[in-house]
Each structure stands twice: as structure tokens, then as C-alpha cells.
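**Q** how would this look folded up:
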Amino acid sequence: MKTILATIRFPSELYQQLKSAAQAQNISIDQLIIQSVRQALQNNEIPSIENQLVLNQIVSPAQIFPESGLLKVNGIFYRYLTENNAPILNSTAYLVIGVTGNILTIRAIKK
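**A** Numbers count the residues shown, from 1 in each chain. Here you go, the predicted model:
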């Protein structure tokens, strides 16, 4: 497969989010962007506002409220599921890996 070099300019905050998300998944930023674009094109749909605002966001332990089953991202409360239904680890940050309506799927970020 032939590749083409392209330059993309990102706002610094978005770049830092990309960098953190790529590190959390143990992949390069290039791989994360390619996967995201490929998925968006395969789905042939415009991402929802939730996808645009919360997908690949890092959620600190203070933003997760296990007793109510809610978490807070960008000032908005969402219901959540953990990857593989794993219990919430109190001192662990999480990465938002999926959005279905107002339900987010999160994955623990391994230290």
C-alpha cells in the first residue's frame, strides 16, 4: 500500500488529547488518526456530537461516580460501561473508547 505524507495542523489541546489517547492504546498518533478516519469512512456517517466531544477523552478518577453509575466529561454527566464489565479502579484514569447515545464505554489506562 502506497502512503502519502500529509501535514495536519491541530490545536495544541487536541494534539495533547491525541497523544494521550495513542499512548493509552500503545499505538502511534498516526495509527490512531488512521484508525479513526477509516472507521468514520466505513460507517459513512457524520460523528455525533458526543463522538466529537468525548471519544478518546481521558477521565480522571474524580470524574467517575460509581455509586450513581455516572461520569462527568466536559461538564456533562453520562452513564458508562467499563470495557469487559470490569469494576472501577478508584485511583485509575480511564479513556473513553466508545459512545452509544448517552452511554460511554471506558477503558482503564494502565500505568
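
**Q** Quick one: residues contacting Tyr80.
**A** Ile64, Gly69, Leu70, Leu71, Ile103, Leu104, Thr105, Ile106 (C-beta atoms under 8 Å, 6 or more residues apart in numbering). Every C-beta, even on glycine, is put in place using the N, C-alpha and C of the backbone.

**Q** buried stuff in the helix or strand hosting it?
**A** Element membership of Tyr80 [criterion: DSSP states H and E] is strand 76-82. Neighbour-count burial for strand 76-82, counted by 16 or more other C-beta atoms under 10 Å, picks out Tyr78, Tyr80, Thr82.

**Q** you'd agree Arg63 is up against Gly75?
**A** Quick fix: residue 63 reads Gln, not Arg. No - at 10.2 Å, Gln63 does not count as touching Gly75 under the criterion of C-beta atoms under 8 Å.

**Q** More neighbours: these two, which one.
**A** Using other C-beta atoms under 10 Å, the more surrounded residue of Gln63 and Gly75 is Gln63, with 16 against 6.

**Q** and which of the contacts of Tyr80 is nearest Lys19?
**A** Ile106 (18.7 Å; C-beta to C-beta).
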